[in-house]
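Asks: curious how this folds, go ahead:
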Amino acid sequence: MSAYITASDVASMCGYSSGAAFLQDRKRLERDLDFPCPMPTCQRPLKWARSAVAAWVQQRIERVSGHRHIRAVDTALMAEARRA
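Replies: Predicted coordinates:
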């Protein structure tokens with residue numbers, strides 16, 4: 001298992017249907033939800049630290065676990081985290 005992952009891998013961990021779908025939402029996630037930025041040394045393809053993405057997913061799960069109204073993407077995040 002590599003320490004660095006591509007947009008497709010991030011999409012799988014975060015409940016997106018594809019790497020392209022994740023990339024479309026990436027800037028909003030970084031801006032509004034403190035999603036980790038890609039590695040600064042990787043131009044193309046962009047790569048993220050697997051541990052940073054996993055920690056972000058876990059943080060999101062812990063945040064939404066106590067809420068009654070869980071969005072579909074949060075449900076997908078929880079399901080994926082349980083499989084990881």
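Asks: pLDDT value on the nearest residue to S18 once chain neighbours are set aside, please?
Replies: Distance criterion CB to CB, 6 or more residues apart in numbering; nearest residue to S18, sequence neighbours excluded, is A11 at 5.7 Å. Yep, even glycine has a C-beta here, placed from its N, CA and C like the rest. Looking at A11, its pLDDT is 96.
Asks: same check, this time on the one 10 residues further on
Replies: pLDDT for A21: 96.
Asks: so who does the residue nearest to S18 touch?
Replies: 17-19, 21-22 (CB atoms under 8 Å, 6 or more residues apart in numbering).
Asks: for the helix or strand harbouring D32, buried residues please.
Replies: Following DSSP states H and E, one finds D32 within helix 19-33. By neighbour count, with 16 or more other CB atoms under 10 Å as the criterion, the buried positions of helix 19-33 are 19, 22, 26, 29.
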